[in-house]
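Chemist: coords below, sequence missing:
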């Protein structure tokens, strides 16, 4: 977007867009995930799987043709509603003894003026902290609501951190692993309301705990694939 003298670019992560197949084109329906079929309702085409079947990604679920005793084979645009149980798993290893970085609450601020990519620093020394996190925020100067000048004020905020040694018990480490794995899985789920079961397994070693969390989720699966003759 162009706003006055400013160009605003927004970048978002996305998945590859599926191929759009017109209704008058012949196509099959293939599985886009691994799972167990729980329901299949075919409106057009010939089902090649049934409830209870385990399918892998890329397996054909519905063929894009109908075969009659007197009409022979007739190709169609396959349509179906297909549900399956999908399993999402994640493993985490949590060490019983760890060194973690803890913020002390102490901060320092430094400023830089950027004029046409020429920077003027209003500080002469490095940070007084040995370990710290840095956050930079910038503000462009403008004359009107959408007319920006090539001048940018950059604020640098350093937050001090110190290292602390911490020791977890077996059950505490196990729960930390479960929480981490669960959070990562739930970020990938299209709909948390369709979670059927949650399974947790753990193994305690001499100085660590291994955790595996599995979610069983009910999802609609299947994507259309054009028939090429």
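Modeler: Right, received. Where do you want to start? Since this is a predicted model, take the numbers as computed values, not measurements.
Chemist: The residue in the chain sticking out farthest from the centre: what secondary structure?
Modeler: Most distant from the centre of the chain: residue 70, at 50.2 Å, with distances by CA atoms, centre = their mean. In three-state terms, and counting by DSSP: H, G, I helix; E, B strand; the rest coil, residue 70 is coil.
Chemist: residues touching the most centrally placed residue in the chain, list them.
Modeler: Nearest to the mean C-alpha position of the chain, by CA atoms, centre = their mean, lies residue 188 at 4.9 Å. By CB atoms under 8 Å, 6 or more residues apart in numbering, the contact set of residue 188 is residue 88. Any C-beta I mention is one placed from the backbone N, CA and C, and that applies to glycine too.
Chemist: how far away is it from residue 128?
Modeler: As defined by CB to CB, to the nearest Å, residue 188 lies at a distance of 42 Å from residue 128.
Chemist: quick one, helices of the protein?
Modeler: Using DSSP state H, the helices found in the chain span residues 170-186.
Chemist: What about the residue nearest to residue 81 when sequence neighbours are not counted, how many residues nearby?
Modeler: Once flanking residues are discounted, residue 81 sits nearest to residue 41: 4.5 Å by CB to CB, 6 or more residues apart in numbering. Applying other CB atoms under 10 Å, we find 10 residues neighbouring residue 41.
Chemist: Next one: residue 41 relative to residue 76, how far apart?
Modeler: 16 Å.
Chemist: Now tell me which helix or strand of this protein has the poorest mean pLDDT.
Modeler: Sorted by mean pLDDT, DSSP states H and E, the helices and strands of the chain end with strand 2-3, the least confident at a mean of 66.
Chemist: Tell me who's in contact with the closest residue in space to residue 74 that isn't next to it in sequence.
Modeler: Distance criterion CB to CB, 6+ apart; nearest residue to residue 74, sequence neighbours excluded, is residue 66 at 5.0 Å. Neighbour list for residue 66: 44-46, 73-74, 76 [criterion: CB under 8 Å, 6+ apart].
Chemist: ok, residue 64 - contacts?
Modeler: Counting by CB under 8 Å, 6+ apart, residue 64 touches 26-29, 45, 75-78, 227.
Chemist: Which of those residues sits closest to residue 200?
Modeler: Checking these against residue 200 with CB to CB, the nearest one is residue 29 at 34.1 Å.
Chemist: thought the closest one was touching residue 223?
Modeler: Yes. In this structure residue 29 lies within contact range of residue 223 using CB atoms under 8 Å: 7.1 Å.
Chemist: So for these two, which sits in the more crowded spot?
Modeler: residue 29 (27 against 17).
Chemist: partners of the more buried one in the sheet?
Modeler: Note on residue 29: beta-bridge partners residue 62, residue 224, judged by DSSP bridges.
Chemist: per-residue pLDDT, it?
Modeler: What the model reports as pLDDT for residue 29 is 96.
Chemist: just residue 5 next, same as before
Modeler: 65.
Chemist: now swap in residue 167 and tell me
Modeler: You'll see residue 167 listed with a pLDDT of 95.
Chemist: Repeat that for residue 8.
Modeler: With respect to pLDDT, residue 8 scores 76.
Chemist: So what does it have for phi and psi?
Modeler: As for residue 8, its main-chain torsions (degrees, to the nearest 10) stand at phi -110, psi 120.
Chemist: how about residue 95, what does it touch?
Modeler: Residue 95 touches 173, 207-208, counting by CB under 8 Å, 6+ apart.
Chemist: For PyMOL, write the selection for the buried entries among those.
Modeler: Those of these that count as buried under 16 or more other CB atoms under 10 Å are selected in PyMOL with:
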select buried, resi 173+208
